[in-house]
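Peer 1: Mind looking at a prediction? Sequence and model below.
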Amino acid sequence: MRGVRAENLTERQASLKTLAHIIPLFVFLAVLLLMPLLEVAGFYVDNEDLYPWYRHAPEQWIYPLQTAIALVLLFYYRRHYDFGPVRGLGLAVAAGLLGITLWVLPGHIFGMAGMDEGWWKMLGFTSRSDGFDPSDAGDSDSSYYWISVGMRFVRMVVVVAFIEEIFWRGFLMRYLLDKDGDYWEQPFGKFSWLSFLVVTLLFMVAHSPPDYLGALIYGSLAYALAVTTKSLAACILMHAVANLVLGIYVMITGQLGYW
């Protein structure tokens with residue numbers, strides 16, 4: 001999946017490379033607009049007793065659709081991505097495990113200690129019981145349930161890991177180093193305080209407020225991994241490992257709000 005070397009890119013090739021790094025994430029997010037649109041149109045009705053699952057829980061088909069579209073876009077643009085050099089994979093796994101552990105720890109403590117809701121919600125100390133529920137597609141002994149779970153893991157571990165790292169670390173981190181010039185000539189993983197602060201803070205606010213602290217810590221670790229390994233592949237692996245562990249944690253604990 002290696003493309004043309006950055007220093008040999010024509011203006012058109014550079015533009016296509018930029019679009020390849022931006023479009024998958026933006027389309028991925030745009031598909032989520034179907035939820036409020038379906039509600040306005042009267043298709044979505046929060047009543048499982050009177051309406052079939054595809055109407056009272058449209059996320060059960062919207063998320064798989066979103067996943068499929070993103071996979072198609074990633075495949076279509078594959079030649080524009082530079083994932084190498086492939087190194088630092090052990091460090092990536094360790095960073096993913098550490099990052100996701102620190103992310104879920106406040107919520108885990110909240111539940112184990114029986115804490116009440118308060119201002120500490122902004123630090124992650126809050127209930128995470130409400131969220132995407134695969135049982136809306138069927139009972140746990142049905143094939144629909146396990147298809148829903150499987151697609152959720154594909155979405156988290158594969159799609160999200162690729163499209164977010166391609167955008168945050170693969171594109172934006174470089175763009176901020178030379179946004180008025182040839183940013184594709186900037187080496188991957190080059191450090192600057194500007195790119196660290198902007199990329200990490202934007203990654204943080206892209207999540208819900210209770211996740212701000214976890215996202216800030218995780219984003220800082222991912223940035224450090226990019227600088228240390230100079231490898232987009234390592235950043236993707238870190239994200240994939242973190243999301244895989246998170247998915248397993250959700251399945252074990254029922255804390256559906258994390259995924």
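Peer 2: Right, received. Where do you want to start?
Peer 1: all contacts plus neighbour counts: C-alpha atoms, from now on.
Peer 2: Fine.
Peer 1: Please verify my assumption that Thr67 contacts Val157.
Peer 2: No - taking contact to mean CA atoms under 8 Å, the distance of 11.0 Å between Thr67 and Val157 leaves them out of contact.
Peer 1: Helix or strand: which one has Tyr218?
Peer 2: Element membership of Tyr218, judged by DSSP states H and E, is helix 212-229.
Peer 1: buried set for that helix?
Peer 2: With burial defined by 16 or more other CA atoms under 10 Å, the residues of helix 212-229 counted as buried are 212-227, 229.
Peer 1: Tell me how far the helix-or-strand element of the chain with minimal mean pLDDT lies from the chain's centre.
Peer 2: Lowest by mean pLDDT, DSSP states H and E among the helices and strands of the chain is helix 53-56, with a mean of 86. Between the mean C-alpha point of helix 53-56 and the mean C-alpha point of its chain there is a distance of 25 Å (CA atoms, centre = their mean, to the nearest Å).
Peer 1: Could I get the average pLDDT for the following helix or strand past it?
Peer 2: From helix 53-56 onward toward the C-terminus, using DSSP H and E, the following helix or strand is helix 59-76. Rounded to a whole number, the mean pLDDT of helix 59-76 is 96.
Peer 1: which other helices and strands contact the least confident helix or strand of the chain?
Peer 2: The elements that helix 53-56 packs onto, with contact taken as 3 or more CA pairs under 8 Å, 6 or more residues apart in numbering; DSSP states H and E, are helix 59-76.
Peer 1: Would you mark the buried spots in the very next helix or strand once past the helix it packs on?
Peer 2: Moving toward the C-terminus from helix 59-76, the first helix or strand encountered (DSSP H and E) is helix 89-113. In terms of neighbour count (16+ other CA under 10 Å), helix 89-113 has its buried residues at 89, 91-93, 95-101, 103-104, 106-108, 110-111.
Peer 1: for stretch 233-247, same thing?
Peer 2: 233-247.
Peer 1: swap in stretch 68-75?
Peer 2: For stretch 68-75, the buried set under the neighbour-count rule, 16+ other CA under 10 Å, comprises Ala68, Ile69, Ala70, Leu71, Leu73, Leu74.
Peer 1: Now do the same contact list for the second one.
Peer 2: With contacts defined as CA atoms under 8 Å, 6 or more residues apart in numbering, Ile69 is in contact with Phe28.
Peer 1: if I look at it, how far off is His56?
Peer 2: 23 Å (CA to CA, to the nearest Å).
Peer 1: and what of the fourth one?
Peer 2: For Leu71, the distance to His56 under the criterion CA to CA works out to 26 Å.
Peer 1: cool, the first one as well?
Peer 2: Ala68 sits 22 Å away from His56 when distances are taken as CA to CA.
Peer 1: next one: the last one
Peer 2: As for Leu74, its distance to His56 is 30 Å (criterion: CA to CA).
Peer 1: Now Trp168. Nearest residue, chain neighbours left out?
Peer 2: Setting aside the residues directly before and after it, Trp168 is nearest to Val199 in space (CA to CA, 6 or more residues apart in numbering), at 6.4 Å.
Peer 1: which element is that neighbour on?
Peer 2: When elements are assigned from DSSP H and E, Val199 belongs to helix 193-205.
Peer 1: Check which residues of that helix are buried.
Peer 2: Applying a neighbour-count criterion of 16+ other CA under 10 Å, the buried positions in helix 193-205 are Ser195, Phe196, Val199, Thr200, Leu201, Phe203, Met204.
Peer 1: Can you lay out these as CSV showing pLDDT and distance to Asp180?
Peer 2: Supplementary listing: the buried residues of helix 193-205 in CSV, determined by pLDDT from 0 to 100; distance: CA to CA, whole Å:
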residue, pLDDT, distance to Asp180
Ser195, 95, 14
Phe196, 97, 18
Val199, 97, 17
Thr200, 97, 21
Leu201, 97, 21
Phe203, 96, 22
Met204, 96, 25
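Peer 1: for the strand or helix carrying Ile23, what is the average pLDDT?
Peer 2: Using DSSP H and E, Ile23 sits within helix 11-31. For helix 11-31, the mean per-residue pLDDT is 94.
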